[in-house]
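1. Pasting the sequence and the predicted coordinates here, then a few questions.
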Amino acid sequence: MSESITTPNDDISDLVALRRDLHANPELGFEEHRTSAIVQRFLADCGIAVQAGIGGTGVVGTLSTGDGPSIALRADMDALAMPETSPDRPWKSMVPGKMHACGHDGHTAMLLGAARRLSRDRSFAGTVHFVFQPAEEGRGGAQAMVDDGLFERFAIDRFYGLHNMPGLEVGHLAAVAGPQLASSDRWLVTFRGEGTHGGKPHLGRDPLAAAGQFLSSLQTIVSRRVDPVEPAVVSACALSAGDFDALNVIPDDVRVGGTARAYSYAVRDQIEDEIGRIARGIAAANGIECDYVYMRQMPPVINERDATMRATAAARTALGKDKVATEFPPSTAGDDFAVFALRVPGAYVWLGNGPAQDGALHHNTRYDFNDDAIEPGIRFWTELVRQELRTR
Ligand SMILES: [Zn+2]
Ligand SMILES: [Zn+2]
């Protein structure tokens with residue numbers, strides 16, 4: 001069980017040590033066995049009910065104090081497959097080729113700190129689920145937890161997520177309604193013609209000519225089809241056909257692939273339709289076949305208005321009115337918190353990590369979570385729970 005009750009600010013130093021220990025021992029998505037064990041032990045020591053192994057290494061801690069709403073708070077636990085190059089950081093990664101370059105070590109420490117503080121002062125009515133998800137960095141950890149019955153095993157009325165943000169001052173927070181992070185999908189088109197002699201193109205069906213028309217027409221999706229006030233990106237990023245050792249041969253096939261991003265579900269659907277429509281139309285005009293595959297990877301993170309207002313109110317109480325921004329530029333990165341926010345109303349906020357040290361931003365080999373952000377992060381989480389689960 002936990003040690004004796006202390007005043008709220010007395011419990012930070014061990015969390016800083018824990019955060020640095022996680023930083024020194026990074027684990028990639030679905031391999032967070034050590035981190036998951038630390039999280040489970042910490043929660044259990046606080047007297048919090050623990051369910052582990054949800055979606056692989058995922059953990060849910062549940063603290064319930066009678067009747068009331070039920071909310072979920074998310075921290076991600078995974079690191080990235082990249083080397084850490086900081087020369088003199090005592091808590092530098094001890095694992096070659098792996099590092100916490102996105103600050104998920106800080107997210108885990110902050111949510112544990114909030115869980116401990118709430119376990120010591122249970123002055124709220126309802127249930128809070130502390131969700132520690134695996135594999136946020138493009139490996140599908142949120143989806144794995146959902147597929148493993150997260151929403152069937154736990155009643156959740158609203159879901160909240162938090163991410164550290166370099167460039168935003170420590171002790172500050174941004175909570176913005178609407179789109180926060182873009183969807184991120186892949187697409188692949190294969191034009192199937194009929195190869196022939198390069199000097200006798202009329203005897204075959206040239207897929208390269210079709211691919212050229214396709215590449216230029218692709219640009220009209222964003223410029224002519226998507227509403228001009230809606231951000232969207234359609235990029236062709238790979239092209240493969242033919243052989244530079246056989247420049248007198250028109251090949252049978254051409255493959256074109258790329259990425260697509262949007263900030264709304266409707267624009268995402270539209271882009272998926274339009275790429276296929278253009279590919280099929282151009283194939284038909286050239287008398288060839290085409291295959292089209294659109295691979296949905298990450299939905300956009302879109303903050304629900306009411307949940308955002310609740311997060312904003314809690315942040316203002318916890319950090320001060322002048323420390324909370326309600327406008328902040330959206331990012332074209334992605335976060336699979338979106339998978340949770342598709343199921344129930346949710347909000348995803350940015351917590352200040354202070355100035356970018358040496359210009360190091362997220363996913364930089366010198367990035368580090370700022371330990372001074374732990375206390376403000378805990379204050380936000382605990383105040384959000386108190387306001388959401390207010391005793392009547
Ligand atoms: Zn990241
Ligand atoms: Zn991240």
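-> Nice, thanks for sending it over. Ligands and ions are numbered 1, 2, ... in the order given.
2. tell me the contacts of the residue nearest in space to the middle of the chain?
-> With distances taken as Cα atoms, centre = their mean, Asp335 lies nearest the centre of the chain, 1.3 Å away. By Cβ atoms under 8 Å, 6 or more residues apart in numbering, the contact set of Asp335 is Glu136, Gly161, His163, Gln180, Leu181, Met298, Val301, Tyr348. Backbone N, C-alpha and C define where each C-beta goes, glycine included.
3. for Arg34, same thing?
-> Arg34 sits next to Asn25, Glu27 when contact means Cβ under 8 Å, 6+ apart.
4. Confirm that it lies within a helix, as I assumed.
-> Yes: counting by DSSP: H, G, I helix; E, B strand; the rest coil, Arg34 falls inside a helix.
5. Surely Ala325 touches Ala174?
-> Yes: contact criterion Cβ atoms under 8 Å: Ala325 and Ala174 qualify, at 4.1 Å.
6. Which residues are in contact with each of these two?
-> Common neighbours of Ala325 and Ala174, counting by Cβ under 8 Å, 6+ apart, are Leu168.
7. Lowest-confidence one in the contacts of Asp335?
-> Minimum pLDDT across the contacts of Asp335 is recorded for Met298, with 90.
8. still on that earlier bit, just name the closest of the contacts of Asp335 to Gly193, please.
-> Distance to Gly193, by Cβ to Cβ, is smallest for Met298 among those, at 33.3 Å.
9. so that closest one bridges to which residues?
-> For Met298, the beta-bridge assignment (DSSP bridges) gives partners Ser184.
10. picking that back up, the contacts of Asp335 in strands, which ones?
-> Gly161, His163, Gln180, Leu181, Met298, Val301, Tyr348 (DSSP state E).
11. number of nearby residues for the third one?
-> Residues lying near Gln180 (other Cβ atoms under 10 Å) number 30.
12. Could you double-check that it lies in contact with Asn303?
-> Yes: with contacts defined as Cβ under 8 Å, Gln180 counts as touching Asn303 at a distance of 5.8 Å.
13. which neighbours do the two share?
-> Here Gln180 and Asn303 have Tyr348 as joint contacts, going by Cβ under 8 Å, 6+ apart.
14. where along the stretch 101-250 of the chain do the strands fall?
-> Along the stretch 101-250 of the chain, counting by DSSP state E, counting those that start in this stretch, strands occupy 126-133, 158-165, 173-174, 178-181, 184-192, 196-197, 232-240, 249-250.
15. want to throw those strands into CSV with distance to Met82?
-> CSV is the format used below for those (distance: least, Cβ to Cβ, whole Å):
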stretch, distance to Met82
strand 126-133, 20
strand 158-165, 17
strand 173-174, 26
strand 178-181, 20
strand 184-192, 19
strand 196-197, 46
strand 232-240, 20
strand 249-250, 40
